[in-house]
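Student: the following comprises the amino acid sequence and a computationally predicted model.
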Amino acid sequence: MKKNQHVVPHQGKWAVKGAGNQKNTVITNTQKEAIDKARGIAINQESELFIHGTGGQIRAKNSYGNDPSDVKG
């Protein structure tokens, strides 16, 4: 099942968490490390990656496989 991946702050570190999961997939020291891990998972699962800032709000997102192929522009 494809789960969107979220990079979120976690007790002074950064966590990767699948949407709807209770537990974190991985905890890293830096946001960049968490983004790299989450990107790999999202690419593998063809899902979306949501990157949250230190305040918890989404600051960026990327789609890996969910983009419609008939978008014009």
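Tutor: Arrived safely.
Student: now the residue nearest to residue 9 when sequence neighbours are not counted: how far from residue 60?
Tutor: Spatial nearest neighbour of residue 9, excluding adjacent residues (C-beta to C-beta, 6 or more residues apart in numbering): residue 54 at 5.5 Å. C-betas here are computed from N, CA, C, even on glycine. Residue 54 sits 13 Å away from residue 60, going by C-beta to C-beta, to the nearest Å.
Student: now do residue 41
Tutor: Computed with C-beta to C-beta, the distance linking residue 41 and residue 60 is 16 Å.
Student: and what of residue 30?
Tutor: Taking C-beta to C-beta, one finds residue 30 at 16 Å from residue 60.
Student: this protein: helices as residue ranges?
Tutor: Ranges of helices in the chain, per DSSP state H, are 31-45.
Student: what about the residue nearest to residue 9, how many neighbours?
Tutor: Each residue near residue 54 was counted by other C-beta atoms under 10 Å, and the total is 10.
Student: same thing with the one 10 residues further on?
Tutor: By the other C-beta under 10 Å criterion, the neighbourhood of residue 64 contains 19 residues.
Student: which intervals of the protein have sub-threshold pLDDT?
Tutor: Applying pLDDT under 70 to the chain flags residues 1, 66-73.
Student: run the last query once more with 90
Tutor: Residue ranges of the chain with pLDDT under 90: 1-2, 65-73.
Student: would you map the strands across it?
Tutor: In the chain, the strands defined using DSSP state E lie at 5-10, 13-18, 26-28, 48-52, 58-63.
Student: could those strands go into a markdown table alongside distance to residue 37 and mean neighbour count?
Tutor: Listed next are the strands of the chain as a markdown table, based on distance: least, C-beta to C-beta, whole Å; neighbours: other C-beta atoms under 10 Å:
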| stretch | distance to residue 37 | mean neighbour count |
| --- | --- | --- |
| strand 5-10 | 8 | 21 |
| strand 13-18 | 5 | 21 |
| strand 26-28 | 5 | 16 |
| strand 48-52 | 10 | 20 |
| strand 58-63 | 14 | 13 |
